[in-house]
Structure formats: C-alpha cells, structure tokens
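K.L.:
Okay, here's the prediction I keep looking at, along with the sequence it came from:
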Amino acid sequence: MFNDKEASKIVDIIKNFARKHSLWVVAYGTGCGAIELPPTMTSRYDAERFGIRGSATPRQADVLLITGYLSVKTLKRVIRTYEQMQEPKYVIGFGSCTINGGMYWDSYNTIKALDRYLPVDVYINGCMPRPEAVISGFIKLQQLISEGKADGAKRYRENLEWYRENQRKVIKNWRMPEYNW
Amino acid sequence: MEINWSAVLGIVFTPVIAFLVGVTYGGLTRRITARIQNRFGPPFYQNILDIIKLYSKESNINHGVMQHLGPVFAITASVTTLFFIPVIKDSPVFTNFSFNGDLIFLLYIMVFGSLGMALGAGQTGNPNSAIGVSRGLSQLVGYEVPFVMALVAIMVQFQTTSLNDLLAVQDHFTKWIIFQSPFAFLAAILAFLGMMGYAPFDVVIAPAEIASGPPSEFGGKYLGLMLTSRSIFTFAKLVLFTDIFLGGAHDFITLIIKTFILYMIPVLTGIVFPRFRTEQSIRFFWSWPLFFGILAILVVVF
Amino acid sequence: MNKNLYNENQTIEEIKNTFHTAEIKLQRESRIIVKLRSDLIPPFLSYAKNYLAFNHLAHFSCVDWIEDNEFELVYLLYSYEKNIVVIAKTRISRDKAEFVTIKHLWRQAETYEREIHEMFGINFTGNDRLNEFILEDWDDIPPMRRDFNTIQFAKDNFYTRPGREDAQDVRETITKKSGEKIPDFAKEFSVRNLK
C-alpha cells in the first residue's frame, strides 16, 4: 500500500490537475485591456476550452486579471478585491502598463510596477496583448500551477509587511478594512 | 433484525450515481452551448474539475453558522428528494424509500433546498444575495402553482398519490401519462423550465447583474457543496419527471436516454432566449402554464 | 471654396451688436471664437442660450497660460438650429483663481466645474459641490497646473522599474526635425534636466 508521502503526492497531482484546468477569472477591467477579453472568451479564441471562465465575484474566483494601468484610486479597490479572494489565488498582470508603467510612466496618478503591491504570477507584455498572448499567458500559469510554482498567495502572506509598506506609501489615506482572509 | 442489504446498497449508490450523471449533464450543457455559439467548448468533465477545485481551496471564509448550514440544507434536501423517488422501476435496489403518498411529500421537500440556500445567503449580508433570494422566492411562487396544478390533475385522474402506483399504471408506452394527460404534461414542463433555472428564467443568478445572486459571497467548499447539490437535484427532478410522465425506466440506459431528452428541453430553450425579469417570468407562469393546468383538471373532472 | 456662411455671419453680427468689446473671429465654417472680459461671460452665456438658441453646453475646460500668469476658461456652446459651435474664451488671474459658476444655466456645468476645481484649483463661487471628485486623497498642488512637476512627482512617489533610463526626450527630437525652438519654461521640465 501507499505510505503517507506517496498518498499526499497523488492527492497533490489530482488537486493541481483540477486547479490547472479550472481557472475562474475575475477581470479587473478599468484599463484599455478589458476590450481584449470579449474576443478571448467568445467564439474566435474561446478560452473556455482550457477551463477558463469568468466568475461573478472575487469570492468565487481563482485568477485576478488586471487589464491595463492602475491609478492609485483603482489600486485600492484591486487590493480589496485580491484580499477577498480565496486561496490558492493567482494574479496576472496584463499589458506593459502593469510591468513598467507603459505609456503612463510619467503620470502623476498611476503606479508603475504592479508586483510591488500585489504578488504577480504571470506578466503578459504588449500594448495591447492580443487574445493569443492572453491565452499563452494563461497556459504559462497552468504550467506554473502544475509545477507548484504559482505561490503568489503564500508570498503575499509571508511578505505582508513589505507589501503593506509599499501600498501605504502610495495610498496616503489608509482606510482599508481588515479581512480575516 | 434483518437488514435489507439491497436497500442499503441503493442508499449508498443512488446519490453517487445522481451526482455523476448530474455533473456530466452540466458539462455537456456547457459543451452544447459552446457548439451552438460556434465555439469548441470545454470537455464534458469540466464541471467535475471545477467541483474538485472548489473542494481543494485552502481558505474558506464564512460569515457565520448559517453559511455552513445553508449549503448543507440544500444538499440534504437534494439527497432526500432523490431518496423518495424510485430511480429504476421495480428494482429492489433503487426504489429507495418511496412509499404511498410520496408525491405530496415531494412537493414539500423540493422547496426545502431553496429555503436552505436562502438562509445561507441571508447570513452573508451581501445585498446582491438578498436581491437574488427575493427574486428566487418570487419565481418559486410563480412556477409552483402550475406544477402543483399538473400534479393535482394527475392525482385526481389516477386516484393515487403514490409514484409506484403511477409507474404501475404506465406499463406500456401508449399508456404513458404524457399521452393520457397531455395538458398536465404541458403545464408541468413549462414549470420545469423555471425549476431548472436556465434562461429565460435565470434572473435569480444573473451574473452580470447581481453578481451571481445568492451564492455571491460563497467561495471554496461552500460553492462546491452548492454545485454538488445542484447536480444531484437536477438528476432528482429529471427522474421525477421521467417517472411521472414518461413511464419510468427499467434499466439505466433507458433512464439516461429519457432524462437526457427531458434535460435538453430547458437547455436548448435557455440557449436561444434572453432573460425575463422577475415579474415577467411570474406573469408567464401564471398565464399559459396555469391555463394548461386548469385545463388538465377540467378535462379530468368532466 | 464657396460656402454659405450666412448663419455664421449673422450670429457674429448679433454678438457684435450686443457685446461691443468682444473680439470675434470666424475660425472656419461653423466655428466662432469669442474672446470676452471675464465679467461679461455670465451675461454672454445667458444671452447666447436664451436669444441665439445655443442650448447645448458641449464642453467646458481650462488652459493654464503660466507665462501670462493667467488661466483661460473655454466654453463650447452648440446650436442645433444653426449647426454652429461658439467658443467663448476668457482669462482670469492665476493668483486669484476664482470665477462664478454657470450651473444655473446648464446643470451639467456643475460636474465640469468640479473637475476643473480639482485639476486646476479654480474656485467657482456658487457651486457648493466642489468636493473630492476623481483624485482621492490629493494633497499636492492641482496636477494639471503647469508648475506641477509631473515627472518629479512620479519619480518621488512611484517605484520606477530599472531599464527605462534611456527614455528619450521626444521634444528635443521634434525640435531638431522641425527647427522649432523649445521655450525656456519647457526646458525646465525636460527629462534630461531631471536626471
């Protein structure tokens, strides 16, 4: 018979297979990238064949897809959305705005590097990334999940002080509720 | 005391089979919807993966005791409903607990799941949940009336309230109740559209409008329980309709064929229809289905 | 081009007869620019709305003329009958950035005024909704003023990922090509100076 280690290994394989093929996305679409999602989901590119599905609320979601730039005001909402999601949870930064600011690099109100504020698992670059790029980003995330490397939620919990410090530096008037996530 | 082992076997296996069949039907629905929308669609086992993933979530937030109990109530109601429906005709294993007078009992127990879900959703305090629950209960009032009318017509016509007696009546396919009492079938199948919750009667869980309604605050295992309950309940309703109208089934293959055909009615209707508002759907249920229900009773009485 | 400018000319004539001090210019077909003293703006807008049938306040914005130490307020009025846009411009002092509200003429002006108040810091007397609008928790000088140093602010507040140091000053390239001179005030905020 199996010993404990082998049994948990098998359970892990099943879990990761299910997680990998069932990604429910809550798309935070205030940036211009939101327009790339309808073609990704509908008949031309059909992301549902990989098990990628939109979800209505952050409580049900697995992936937070941040499409485009984040102003300070929206960053607040994104942090709240992220903290309401249930673990394991993943973040995909979408478009060059989330990577280095993109064309808003000198703006007075947009953050320039998303991974300082939230633990990003996969970045999709481009301005705008086409639906093919979006799907390839999701497949990269699936690879990371099956290898067990997509540990954004763990990183966030362990380095919470560092993330909070960065968030507080940008969001001056910190009136965020404490979640027992 | 002598233990009826075949009954025990039925109690163990009926929910498992119901879950597997229900969840596969759910996956096939997504596939069929995708094909109709000119997409490839997810594999048929997609819903099983979704449910495994939801159960394997590491953190499950809850807002109180009722959020634990709500999904449990729902799944209890589904399994109980299933236990009082004879799944396979004349089989000692899958007849389960169906006793004389169980049609009236089923009418009560079928509502219990919705109430459990409403209680659980009420605990979360999310305004979308409250809106969804109020819509769901209003719609429940809408489709229960023609459904009960249809069942009353059948009960009066055959002078019985027992599903086993009804099954015994339909021993040949010309004697199926769908042919003997077509108006009752029409009323019941139109109510069935509302019962299944597909479009045009999906205003309860409208995802883009009220963020999936009652389960909007449910994540992880709570949502997994709800989806499981939904799969089992779907199968239970399909078997109930097959038993009442289509003469039941002697084996699983017949059962699968009959339930699948029945299941395609709300699914295919749902794909091509947009969404009714709550008062529109109630107005619908209280017009043609109610008319057919009254007609069925009148035909039986006179 | 032989265009029928009857409506335009008639409108210009009517404005001229009523407001003698207005500088009026016919920019092109269906575009009339009217420059007015700041105290004449409310009567002019009221006159245009009530007598010349310019019913629609299409836009209301502001320009910062830092060299002249003035703000320019720009009102775009549109007439559905005449198919003409009248652009009313006025200048107010930058030191005392205050103007009267026109929300009694068009209710949507209230929102424009909130935005201009937030972005340029102009106070509109009579508008009581000049509270926080788009920016949250902003405690610097209003960001659309040209003495607000955007690049420096972004550098100080937001982390810049390394690898973009070679961001070129586009203005220099453009001047080289077109032969246009960069004004001194623009040189002050150029990327090269900030490095």
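P.N.:
Perfect, thanks for sending it. Numbering: from 1, shown residues only, chains lettered A, B, ... in the order given.
K.L.:
Next, the spatially most central residue of chain A: secondary structure please.
P.N.:
The centre of chain A sits closest to A:Val91, judged by Cα atoms, centre = their mean, with a distance of 1.4 Å. Under the three-state scheme (DSSP: H, G, I helix; E, B strand; the rest coil), A:Val91 adopts strand.
K.L.:
Quickly note the distance from the residue in the stretch 101-250 of chain B positioned nearest to chain C to B:Leu28.
P.N.:
Residue nearest to chain C within the stretch 101-250 of chain B (Cβ to the nearest Cβ): B:Pro127, separated by 23.4 Å. C-betas here are computed from N, CA, C, even on glycine. Relative to B:Leu28, B:Pro127 is positioned 34 Å away (criterion: Cβ to Cβ, to the nearest Å).
K.L.:
neighbour-wise, which of those two wins?
P.N.:
B:Leu28 (19 against 11; other Cβ atoms under 10 Å in any protein chain shown).
K.L.:
Please confirm that that one is located within a strand.
P.N.:
No: B:Leu28 is assigned helix when assessed by three-state DSSP, not a strand.
K.L.:
For it, give me its contacts.
P.N.:
By Cβ atoms under 8 Å, 6 or more residues apart in numbering or on different chains, B:Leu28 lies in contact with B:Phe44.
K.L.:
hang on, the earlier thing: measure the residue of the stretch 101-250 of chain B closest to chain C to chain A for me?
P.N.:
Using Cβ to the nearest Cβ, to the nearest Å, we find B:Pro127 at a distance of 12 Å from chain A.
K.L.:
With B:Ser78 instead?
P.N.:
Distance, B:Ser78 to chain A, by Cβ to the nearest Cβ: 20 Å.
K.L.:
Got the confidence number for that residue?
P.N.:
With respect to pLDDT, B:Ser78 scores 87.
K.L.:
hmm, who's touching the one helix or strand it maps to?
P.N.:
Assigned by DSSP states H and E, B:Ser78 falls within helix B:65-83. Outside helix B:65-83, the residues that touch it by Cβ under 8 Å, 6+ apart are B:11, B:14-15, B:18, B:62, B:96-97, B:106, B:109-110, B:112-113, B:115-124, B:217-218, B:222, B:225-226, B:228-230, B:232-233, B:235-237, B:239-240.
K.L.:
Please repeat the previous calculation with a cut-off of 7 Å.
P.N.:
Here helix B:65-83 makes contact (Cβ atoms under 7 Å, 6 or more residues apart in numbering or on different chains) with B:11, B:14-15, B:18, B:62, B:96-97, B:106, B:109-110, B:112-113, B:116-117, B:119-124, B:222, B:225-226, B:228-229, B:232-233, B:236.
K.L.:
From A:His21, how far out is B:Ala121?
P.N.:
In this structure, B:Ala121 and A:His21 are 28 Å apart, going by Cβ to Cβ.
K.L.:
Between the two, point out the one with more neighbours.
P.N.:
B:Ala121 (27 against 21).
K.L.:
Residues contacting the helix or strand hosting the more buried one, please?
P.N.:
B:Ala121 belongs to helix B:102-124 when elements are defined using DSSP H and E. Here helix B:102-124 makes contact (Cβ under 7 Å, 6+ apart) with B:63-64, B:66-67, B:69-71, B:73-74, B:77-78, B:80-81, B:84, B:129-130, B:132-133, B:136-137, B:140, B:148, B:151, B:155, B:161-163, B:214, B:217, B:229, B:233, B:240.
K.L.:
for chain A, what are the low-confidence residue spans?
P.N.:
Applying pLDDT under 70 to chain A flags residues A:1-2, A:178-181.
K.L.:
So which residues on it come close to chain C?
P.N.:
Proximity of chain A to chain C, by Cβ under 7 Å from any Cβ of the partner chain, involves residues A:72-73, A:100, A:105-109, A:111-113, A:116, A:170, A:172-173.
K.L.:
Quick check, the residue nearest to the centre of chain A in contact with A:Ala153.
P.N.:
No: A:Val91 lies out of contact with A:Ala153 (Cβ atoms under 7 Å); the separation is 9.2 Å.
K.L.:
buried set for the helix or strand harbouring B:Leu298?
P.N.:
Here B:Leu298, judged by DSSP H and E, is contained in helix B:288-301. By neighbour count with 16 or more other Cβ atoms under 10 Å in any protein chain shown, helix B:288-301 contains the buried residues B:Pro289, B:Leu290, B:Phe291, B:Phe292, B:Gly293, B:Leu295, B:Ala296, B:Ile297, B:Val300.
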